[in-house]
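**Student:** Kindly generate the corresponding structure for this input.
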Amino acid sequence: MHTRVLTNGKSLRRILSILITALSWPSTALGVPDILEDPLGAQPGRLHTGSALPDGSLIACPATIDLSEPLEPGSAIDVALCNNPQISSSWAGIKIQAGALGEARAAYLPTMRVSVSRLSNRTGNSSLSGGSDPIRTGIQVYGTMNWRLLDFGERSANNKAASLLLAAALAAHDASLQKIMSGVIQAYYDSMTAQSHLIACKKMAEIAERILAATKRREAHGAVALSDTLPALTALAKARLNEARAQGDFNKSLSMLVQSMGLAPGTALRLPQNLELYRADDVTELNLWLREAEDKHPSIRQARAKLAADQAKITVVRSEGLPSLDATAYISRNGYPNQGLSNNSQSVTTAGVSLNLPIFEGFGRTYKIRGAIAQVEQSQVHLQETTNQILTEVVKAHADALTSLGSLKASEQLMAAATQGLQSSMRRYDRRAADILEVLNSQSSLADAEQERIRAIAEWHSARLRLLANSGVLGMADLVQEGK
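**Tutor:** Have a look, this model is predicted:
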């Protein structure tokens with residue numbers, strides 16, 4: 001008997017050693033899929049393929065861009081999405097909810113446990129028997145199996161709620177992408193506007209220098225008095241002051257762009273030299289954008305999924321207070337856990353079905369159900385607030401897009417007229433048909449027209465992309481088209 005037990009113990013240890021080695025060996029090394037990574041298929045495909053924008057373009061991290069080249073909007077977005085911690089947090093949220101879904105699906109499967117112990121029993125009283133106490137050594141094995149056969153919708157509702165929460169996590173990740181993209185777009189075009197303003201101020205300073213030079217030449221020939229030169233000198237000083245302020249504004253906006261991209265402070269960036277390229281798209285009717293946002297905006301989809309999950313939670317809470325039917329079985333050899341070896345080597349196998357009937361829970365179930373219902377009411381309000389907020393932003397962005405689109409042609413005409421006006425004033429001044437004040441007024445009008453032109457183009461770029469982002473459909477293709 002004793003020899004047989006030791007032999008079984010060695011065989012059991014050999015089997016356990018083989019199992020541990022097999023489980024610890026990476027399945028990918030054997031050329032087969034790792035079924036233990038996601039055996040219940042709870043992980044969404046996005047965790048394997050990576051994040052994607054509404055147009056299907058994937059986000060490849062780390063983003064590789066050449067900062068020595070002029071920065072395009074798409075490149076700025078790539079870097080920002082890879083560096084922003086909010087994106088990483090929402091990505092981790094997807095993994096958390098995928099784990100919760102796997103746990104909910106696992107409730108349909110049986111659970112099995114096995115404990116193996118090597119024990120030594122010492123019995124008797126050596127002082128009375130006059131000899132040593134007998135020692136008995138052996139292997140004790142105990143295994144259990146539990147399997148829920150029937151409930152009243154608890155597992156199904158849990159599985160549904162987990163699936164909906166996973167959908168909400170995916171939508172939250174999409175919402176984070178759109179939010180970060182919108183912020184970077186705003187910072188990018190703020191920087192472009194500031195740079196264009198700086199270029200315009202430098203241009204105005206050059207014009208002021210030419211006017212001052214022409215005035216000094218006329219003063220040297222006695223054609224004009226010092227009273228004409230002083231206003232030109234004042235205009236030049238003012239132009240240089242505006243240039244210095246524009247340089248400061250540009251440096252500030254560029255720093256904000258670096259910060260929004262998640263780059264190290266002080267990182268040098270280059271921007272395209274002008275903001276003249278734009279696409280005067282036809283902005284469709286507002287109702288179409290509102291329907292698009294209500295159907296596709298990730299924040300609204302997230303709120304809807306959360307509401308549906310909370311509604312499923314009501315079923316979960318109610319089902320927990322209903323009867324359930326479980327199948328149970330256990331097998332033991334040489335005794336039971338936390339006990340010594342049995343006197344005789346024996347095996348015991350037991351199987352049965354247990355019916356669980358909750359009788360009284362101290363009214364706790366009633367309050368849990370009320371809490372779940374209140375959570376649904378709160379989620380309904382949140383959905384309504386989110387929808388109203390998103391649609392309001394769409395209305396504003398649509399109005400801004402229409403306004404900026406209408407301003408483009410007007411600013412172009414204003415710019416052309418102001419340029420011709422300054423050229424005419426300069427010719428008249430050279431022929432002594434106009435005084436210096438007329439020239440300076442024309443210069444000021446050109447500066448104002450230049451600012452209006454810059455503002456109109458920047459507002460169109462920003463409003464168009466904000467309209468797409470607020471509708472939840474902004475993709476990388478939209479950013480690439482900005483440079484075409």
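**Student:** how far away is Ser424 from Pro337?
**Tutor:** 103 Å (Cβ to Cβ, to the nearest Å). Backbone N, C-alpha and C define where each C-beta goes, glycine included.
**Student:** which one of the two has more residues nearby?
**Tutor:** Ser424 (14 against 11; other Cβ atoms under 10 Å).
**Student:** so who does the nearest residue to the more buried one once chain neighbours are set aside touch?
**Tutor:** In space, and not counting its chain neighbours, Ser424 is closest to Ser442: 7.5 Å by Cβ to Cβ, 6 or more residues apart in numbering. Ser442 sits next to Ala418, Gly421, Leu422, Ser424, Ser425, Met426 when contact means Cβ atoms under 8 Å, 6 or more residues apart in numbering.
**Student:** quick one, phi psi at Ser442?
**Tutor:** Backbone torsions for Ser442, taken as degrees, to the nearest 10, come to phi -70, psi -40.
**Student:** Name the spans of the stretch 351-484 of the chain whose pLDDT lies under the cut-off.
**Tutor:** Applying pLDDT under 70 to the stretch 351-484 of the chain picks out residues 476-484.
**Student:** Could you pick out the buried ones from the contacts of Ser442?
**Tutor:** Buried members of the contacts of Ser442, counted by 16 or more other Cβ atoms under 10 Å: Ala418, Gly421, Leu422, Ser425, Met426.
**Student:** Can you show me the strands along the stretch 1-150 of the chain?
**Tutor:** 111-122, 135-150 (DSSP state E, counting those that start in this stretch).
**Student:** Return the list of helices and strands in contact with the following helix or strand past the last one.
**Tutor:** Spelled out, it's strand 135-150. Heading C-terminal from strand 135-150, the first helix or strand you meet, by DSSP states H and E, is helix 154-220. Where contact means 3 or more Cβ pairs under 8 Å, 6 or more residues apart in numbering; DSSP states H and E, helix 154-220 is packed against helix 73-83, helix 85-106, helix 226-260, helix 298-320, helix 364-430, helix 436-470.
**Student:** Please spell out which residues along the third one are buried.
**Tutor:** For helix 226-260, the buried set under the neighbour-count rule, 16+ other Cβ under 10 Å, comprises 228-229, 231-232, 235-236, 238-240, 242-243, 246-247, 249-250, 253-258, 260.
**Student:** for the record, mean pLDDT for that helix?
**Tutor:** Average pLDDT, helix 226-260: 89.
**Student:** Next, the angle from it to helix 154-220.
**Tutor:** 160 degrees (axes from the mean of the first three to the mean of the last three Cα atoms, to 10 degrees).
**Student:** from the chain's centre, how far out does helix 226-260 sit?
**Tutor:** 39 Å (Cα atoms, centre = their mean, to the nearest Å).
**Student:** ditto for the last one
**Tutor:** Computed by Cα atoms, centre = their mean, the chain-centroid distance of helix 436-470 equals 34 Å.
**Student:** what's in contact with stretch 171-190?
**Tutor:** 51, 53-54, 59, 71, 73, 76-77, 80-81, 84, 86-87, 89-91, 93-94, 253, 256-257, 259-261, 297-299, 301-302, 305, 458, 461-462, 465-466, 469-470, 472, 474, 479.
**Student:** nope, stretch 309-326 is what I was after
**Tutor:** 146-154, 156-158, 160-162, 164-165, 168, 353-358, 361, 365, 368-369, 371-373, 375-376, 379.
**Student:** Sort out which of those are buried, if you could.
**Tutor:** Buried among these by 16+ other Cβ under 10 Å: 148, 151, 154, 156-158, 160-162, 164-165, 168, 365, 368-369, 372, 375-376, 379.
**Student:** separation between the nearest residue to Ala447 once chain neighbours are set aside and Ala235?
**Tutor:** Spatial nearest neighbour of Ala447, excluding adjacent residues (Cβ to Cβ, 6+ apart): Met204 at 4.8 Å. Distance, Met204 to Ala235, using Cβ to Cβ: 9 Å.
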